[in-house]
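# Just need the structure, nothing else, for what follows:
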Amino acid sequence: MSKTEQDDSFASGTRRLTRALEQLETKATQLQKRLQNASDASDMDEDRARLAAELDEARSRAASMEDAAKEAGTALDDAIADVRAALSESGAS
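This is a model prediction of the structure:
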């Protein structure tokens, strides 16, 4: 094999190696992006679960507050009725 043939063979091998390394780098970058996307999706799932739990807790508090408001309203109605009755009795005496 002549020097020129060796140089051509070496250059060809170098080009093939360079292309292979570029392809490997591209695949590694794609894999890294996929892993990041999977991690992001996992983070979003965790956020979604946390937000769902917070929403359930907020709904529970809202229901408790609504019950307390109804009880307070009933107590006010009873107090108003008692005051009216007392006023009626004092006006009748």
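# Point out where the protein drops to low pLDDT.
92-93 (pLDDT under 70).
# cutoff 90 now
1-11, 37-38, 40-43, 89-93 (pLDDT under 90).
# for it, what spans make up the helices?
3-92 (DSSP state H).
# what's the neighbour count on Ala79?
10 (other Cβ atoms under 10 Å). The C-beta positions use only the backbone N, C-alpha and C, and glycine is treated the same way.
# again, but for the one 3 residues further on
The local packing count at Asp82 equals 10, with neighbours defined by other Cβ under 10 Å.
# same check, this time on Leu24
By other Cβ under 10 Å, the residues close to Leu24 number 10.
# try Ala28
10.
# roughly how far apart are it and Ser42?
21 Å (Cβ to Cβ, to the nearest Å).
# now swap in Leu21 and tell me
Counting by Cβ to Cβ - Leu21 and Ser42 are separated by 31 Å.
# Also Gly91?
73 Å.
# Among the two, which residue is more densely surrounded?
Per other Cβ under 10 Å, whichever of Gly91 and Ser42 has more neighbours is Ser42, with 10 against 7.
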